[in-house]
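In: sequence first, then the predicted structure, then my questions.
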Amino acid sequence: MSRNNVLLKVILLGDGGVGKSSLMNRYVTDRFDSQSFHTIGVEFLNRDLEVDGRLVTLQIWDTAGQERFKSLRTPFYRGADCCLLTFAVNDLQSFLNLSCWKKEFMLYSDVKDPERFPFVVLGNKVDMEQREVGEDEARAWCEENGCCPYFETSAKDDTNVTAAFEAAVRVVLAAEDQIGHALLGSTIDLHGNHNGFTVGLRYSIQ
Ligand SMILES: Nc1nc2c(ncn2[C@@H]2O[C@H](COP(=O)(O)OP(=O)(O)OP(=O)(O)O)[C@@H](O)[C@H]2O)c(=O)[nH]1
Ligand SMILES: [Mg+2]
């Protein structure tokens, strides 16, 4: 891949257990683990892709959703190009908490243009029969919050996972085309073996 790739940082936020790590792992490694581990701190993985003829390295930052790890995740919000607000459709509280996640992101990310910052909302675990959040309800929240794109996903069944990450790329590229944001390929070496890292550990969800 050319050295002039665009490097985009997207960050997954949402309550513990909604499936952030599972979505990232499904997208990057095409695997799903039903016995997942809570994330502690942050992890990231890179995936190269082509969207609408543009080569992109998507750097996906996966954060710990549990409240007690707040101080470990917030330092990594800066520099994000898009925020993927995630809830689980079978967990009403995780949906109600989307506003808190958005606020936390805005507080710590220090984005230059808060009104225009791109968010994408993911309603995960659509494979589950017991829903607590309807699609209409979720879409209404997105409408009221900057008309952000909404995707109903399943990391387990691989439903809409690629579509959601590609949508994140599209909204960032569209916004950057408008403001002439700098390409980062010349400042970061993406050609080594540094395809991801972990800050912290994981532990088993009981
Ligand atoms: N049925 C179903 N289960 C899922 C799905 N995505 C994740 N899970 C399960 O939900 C649990 C939590 O998933 P994680 O990906 O670890 O959740 P997380 O949001 O990363 O949680 P934290 O790291 O604590 O913030 C695990 O048991 C996963 O296997 C999905 O789409 N469908
Ligand atoms: Mg996790």
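Out: Cool, got the structure. Ligands and ions are numbered 1, 2, ... in the order given.
In: going forward, measure contacts between C-alpha atoms and count neighbours the same way
Out: Fine.
In: now do the helices in this structure.
Out: Secondary structure of the chain (DSSP state H): helices located at 20-29, 70-73, 92-96, 98-109, 135-144, 161-179.
In: most packed of these?
Out: helix 20-29 (a mean of 22; mean count of other CA atoms under 10 Å).
In: tell me what that helix is packed against?
Out: With contacts defined as 3 or more CA pairs under 8 Å, 6 or more residues apart in numbering; DSSP states H and E, helix 20-29 has these neighbours: strand 6-14, strand 42-51, strand 54-63, helix 161-179.
In: 6 Å instead, please
Out: With contacts defined as 3 or more CA pairs under 6 Å, 6 or more residues apart in numbering; DSSP states H and E, helix 20-29 has no helix or strand neighbours.
In: 32 is where my numbering starts, stick with that
Out: With the count now opening at 32, the last piece we talked about shows up as helix 51-60.
In: ranked by average pLDDT, which of the helices of the chain falls at the bottom?
Out: Among the helices of the chain, helix 192-210 has the lowest mean pLDDT, at a mean of 90.
In: does it reach ligand 1?
Out: No. Helix 192-210 lies out of reach of ligand 1 by CA under 6 Å from any ligand atom, never closer than 9.4 Å.
In: also stretch 87-103?
Out: Yes. Against ligand 1, stretch 87-103 shows contacts by CA under 6 Å from any ligand atom at 95, 96, 97.
In: quick check: residue 43 touching residue 95?
Out: No. Counting by CA atoms under 6 Å, residue 43 stays clear of residue 95, with 9.1 Å between them.
In: to ligand 2, which of the helices of the chain lies closest?
Out: Nearest to ligand 2 among these is helix 51-60; the distance by CA to the ion comes to 4.1 Å.
In: quick one: contacts of the closest one?
Out: Here helix 51-60 makes contact (CA atoms under 6 Å, 6 or more residues apart in numbering) with 63, 186.
In: how far off centre is that helix?
Out: In terms of CA atoms, centre = their mean, to the nearest Å, the centre of helix 51-60 is found 10 Å from the chain centre.
In: ok, stretch 149-160 next?
Out: On CA atoms, centre = their mean, the centre of stretch 149-160 falls 11 Å from the chain's centre.
In: can you get me the start-to-end distance on that stretch?
Out: Using CA to CA, to the nearest Å, one end of stretch 149-160 lies 30 Å from the other.
In: can that stretch be found next to ligand 1?
Out: Yes. Under the criterion of CA under 6 Å from any ligand atom, stretch 149-160 makes contact with ligand 1 via 155, 156, 158, 159.
In: could you report the pLDDT at residue 153?
Out: So residue 153 comes in at 98 (pLDDT).
In: how about the one 10 residues further on?
Out: You'll see residue 163 listed with a pLDDT of 98.
In: what's around the closest residue to it other than its chain neighbours, how many residues?
Out: The shortest distance from residue 163 to any non-neighbouring residue, by CA to CA, 6 or more residues apart in numbering, is to residue 121 (4.8 Å). Neighbour count of residue 121, defined by other CA atoms under 10 Å: 21.
In: check contacts around residue 121.
Out: Applying CA under 6 Å, 6+ apart, the residues near residue 121 are 161, 162, 163.
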